[in-house]
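Student: let me see the structure of the following:
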Amino acid sequence: MEFTALILFVISTSITPGPNNLMIMTSGVNFGFRRSLPHLLGVDIGFPLMLIAVGMGINQVFEFVPSLMTWLKIVGALYLTYLAFKIATQPVKMSDEPKSQTIAKPFTFVQAALFQWVNPKAWIMAVGAVVTYVVADADHLMQVCLIALFFILFGAPCTVAWLSFGSSLKEMLSNPKRLRVFNIVMACLLMTSLLPVFISLYELVQP
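Tutor: Got it, this is the predicted structure:
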C-alpha cells in the first residue's frame, strides 16, 4: 500500500467542499463549535465505519443489483434537497427573542453517522479508496481498517477545520439578516454539490 498517495487522497477528498463539510460549517455558524461536536464526531467516526463495511463487501451487492445504486442516488438526492431546504429556512433568533422560540437543533451523532449512507460523495470516497489502495497480495481486512484509520487521522482534522471556520464566523453573522443570507447561500452550495448526481440520474432516463 502506497501510504503517501493514500494520505494525499484522504486529505484532498476530506478538505474539499461537499455535503459533510458544508453542513458542518453551517452547524458551526448556527450552533457554535461545542454544540456541533456530536455532528463532527458522527462524520469522523461514521464515515470510516461505512468505509470498512464497503471494503468488506457491501459494494458487491451493487454489482449484483445495479439498480440499488440508482435508488440510493435518488434517496440521497431527495434527502439532501430536504436538508438544503431546512438549512435555508433555519430559524434565526432575533436579539430580543427568547431562546425557547429557537427550535432548530444541530445533528446528533447518530444522525450524522447515518447520513454517510445517503451521501453521494461519501460513497465515491469509500469505494474509490478501497478499489484504488487495497492490493491483492496482502491481508484485505487489515488494509481496509488501515484506510479507515487514515481517514480518522488525516481526514478528521479537515472536518475540524471546516467546523472551526464556521464557528469563527458565528459572531460576525450574529445579525439575523446576515445569518439568513448565509444559510441560503449554504443551501444553494449544497444543492450545487448534487449537480453530478442529478446529471447522472437525468442520463439514466434518457432514451
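Student: C-alpha only now, for contacts and for neighbours.
Tutor: Will do.
Student: so where's the chain uncertain?
Tutor: 1, 58-60, 62-63, 69, 92-103, 207 (pLDDT under 70).
Student: so where's the longest helix in it?
Tutor: helix 67-88 (DSSP state H).
Student: helices of the chain, start to end?
Tutor: Using DSSP H, helices in the chain cover 3-15, 19-35, 37-53, 59-64, 67-88, 109-115, 120-133, 140-150, 156-168, 176-192, 195-205.
Student: JSON lines please, covering these and showing mean neighbour count.
Tutor: Shown next, in JSON lines, are these (neighbours: other C-alpha atoms under 10 Å):
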{"stretch": "helix 3-15", "mean neighbour count": "16"}
{"stretch": "helix 19-35", "mean neighbour count": "24"}
{"stretch": "helix 37-53", "mean neighbour count": "22"}
{"stretch": "helix 59-64", "mean neighbour count": "12"}
{"stretch": "helix 67-88", "mean neighbour count": "17"}
{"stretch": "helix 109-115", "mean neighbour count": "19"}
{"stretch": "helix 120-133", "mean neighbour count": "17"}
{"stretch": "helix 140-150", "mean neighbour count": "18"}
{"stretch": "helix 156-168", "mean neighbour count": "21"}
{"stretch": "helix 176-192", "mean neighbour count": "18"}
{"stretch": "helix 195-205", "mean neighbour count": "12"}
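Student: what helices or strands is the longest helix of the chain leaning on?
Tutor: helix 176-192, helix 195-205 (3 or more C-alpha pairs under 8 Å, 6 or more residues apart in numbering; DSSP states H and E).
Student: what about 6 Å?
Tutor: helix 176-192 (3 or more C-alpha pairs under 6 Å, 6 or more residues apart in numbering; DSSP states H and E).
Student: contacts for the helix it packs on, please.
Tutor: 19, 84, 87-88, 92, 173 (C-alpha atoms under 6 Å, 6 or more residues apart in numbering).
Student: that helix vs helix 195-205, what angle?
Tutor: 40 degrees (axes from the mean of the first three to the mean of the last three C-alpha atoms, to 10 degrees).
Student: the closest residue to residue 17 other than its chain neighbours: neighbour count?
Tutor: Among residues not flanking residue 17 along the chain, residue 193 sits closest, at 8.0 Å (C-alpha to C-alpha, 6 or more residues apart in numbering). Applying other C-alpha atoms under 10 Å, we find 18 residues neighbouring residue 193.
Student: residue 139 now?
Tutor: Residue 139 has 10 nearby residues by other C-alpha under 10 Å.
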